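[1] sequence unknown, structure follows:
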């Protein structure tokens, strides 16, 4: 049985006078599509304008307190934490060299000079020279190979140098000078760098640097078998708290008068730094999706995770949209969530 456990509509009477009234017919159509299983395994849809929730719906047993497993959307939170660490002068910047944070590893392992100069920015943009590609089951660094071992950090730092077959683009010939390959090990190592730079477990640094200032009190972070915070996936948040993370980006790193993440870092994070295999832009672990919005092409920056879990940031509408689902590993998942944005939520704002 499909259930709707909570629905909140706040119209213009409760918003600032600058907010336009919602097209409730579009939102009703969204609920009907979920109810008849045209949109499958959706757990929540939330729309926020000017920092205020204007639509909030929960489905299939979820409610406002549900912690949603957003899978790889966690990577975008890790990127925010890198920015926060830079703002607190715990990291010198995105050019910081990754292997410098693991002297015990470099003292006992030979590291190829081309890898020895790997930077935090290389990991943020999924363009390190590690032979690591989650979309290629034959890749030495495929995330499933990492998960079956007990020392994920050694696995990642020990990956071989990527080779470029004649039909592959080399970095110098790629858009933005970066050969993109989606690699969860990059994000995991970023979390490990943050732990070394801050002297705190990743979850503790996330709490002090972002979550508590944003008013986020309930969340869950995973750890690797050796106890390192998992910056690459599986973090769980409530829908309203995901919207707070999106609002922080919309407001260029500022929250209630406090600059939690430097503005210039946020601007670089949601700027094309690489190009993905499907033609999307990629910033610092944020996706610049190429979407058709009411017949016009548009780039929408978003957190994105397996199953179609998204946080969309929409500066033109001063809006943040959250979609959470459990359609993990299903081919329809990402197109479906993008459709919720382009066919229902954005038209509701016009």
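    In hand now; what should we look at? Remember, it's a predicted structure, so these values are computed and weren't measured experimentally. Numbering: from 1, shown residues only.
[2] Please make it C-alpha for all contacts and neighbour counts, starting now.
    Noted.
[3] which SS state does the nearest residue to residue 169 once chain neighbours are set aside fall under?
    Using Cα to Cα, 6 or more residues apart in numbering and skipping residues adjacent in sequence, the residue nearest residue 169 is residue 179, 6.7 Å away. Assigned with DSSP: H, G, I helix; E, B strand; the rest coil, residue 179 falls in the coil class.
[4] Residue 179 contacts residue 163, correct?
    No - using Cα atoms under 8 Å, residue 179 is not in contact with residue 163; the gap is 11.2 Å.
[5] Compare these two (neighbour count), which wins?
    A direct count of neighbours by other Cα atoms under 10 Å for residue 179 and residue 163 places residue 179 higher, at 23 against 11.
[6] Could I get the full set of strands for this structure?
    Remark: strands assigned in the chain by DSSP state E are 4-9, 42-49, 52-59, 68-69, 219-220, 236-237, 254-255, 258-259, 274-275, 281-282, 287-293, 296-305, 309-314, 319-325.
[7] of all those strands, which lies closest to residue 109?
    Among the strands of the chain, strand 274-275 comes nearest to residue 109, with 30.3 Å by Cα to Cα.
[8] What helices and strands are in contact with the closest one?
    strand 281-282 (3 or more Cα pairs under 8 Å, 6 or more residues apart in numbering; DSSP states H and E).
[9] name the helices or strands packed onto the strand it packs on?
    Partner elements for strand 281-282 (3+ Cα pairs under 8 Å, 6+ apart): strand 274-275, strand 287-293.
[10] roughly how far out does stretch 37-45 sit from the chain middle?
    20 Å (Cα atoms, centre = their mean, to the nearest Å).
[11] correction: stretch 135-149
    20 Å.
[12] Equivalent analysis for stretch 129-140, please.
    Counting by Cα atoms, centre = their mean, stretch 129-140 comes out at 20 Å from the chain centroid.
[13] Start the count at 489 instead of 1 going forward.
    Yep, numbering from 489; the last one is stretch 617-628 now.
[14] Contacts for it, please.
    602-603, 606, 629-631, 647-651, 669-673 (Cα atoms under 8 Å, 6 or more residues apart in numbering).
[15] Quick one, which of those are buried?
    When neighbours are counted using 16 or more other Cα atoms under 10 Å, the contacts of stretch 617-628 contain these buried positions: 603, 606, 629-631, 647-650, 669-673.
[16] Closest to residue 835 out of those residues?
    The closest of the buried ones among the contacts of stretch 617-628 to residue 835 turns out to be residue 670 (Cα to Cα; 31.8 Å).
[17] any idea which of the helices and strands packed on strand 769-770 is most buried?
    Of all the helices and strands packed on strand 769-770, strand 762-763 carries the top mean neighbour count, a mean of 24, counting by mean count of other Cα atoms under 10 Å.
[18] and that one, which strands flank it?
    Strand 762-763 has its sheet partners listed here by DSSP bridges as strand 769-770 (antiparallel).
[19] Residue 703: what's it in contact with?
    residue 729.
[20] how close does it sit to residue 692?
    Note on residue 703: its distance to residue 692, by Cα to Cα, to the nearest Å, is 15 Å.
[21] Kindly report the same for residue 708.
    11 Å.
[22] Compare the two and say which is more crowded by neighbours.
    Applying other Cα under 10 Å to residue 708 and residue 692 shows that residue 692 carries more neighbours, namely 16 against 12.
[23] Out of the strands of the chain, which gets nearest to residue 661?
    Here strand 762-763 is closest among the strands of the chain (Cα to Cα), at 11.8 Å.
[24] residues making contact with that closest one?
    613, 615, 663-668, 769-771.
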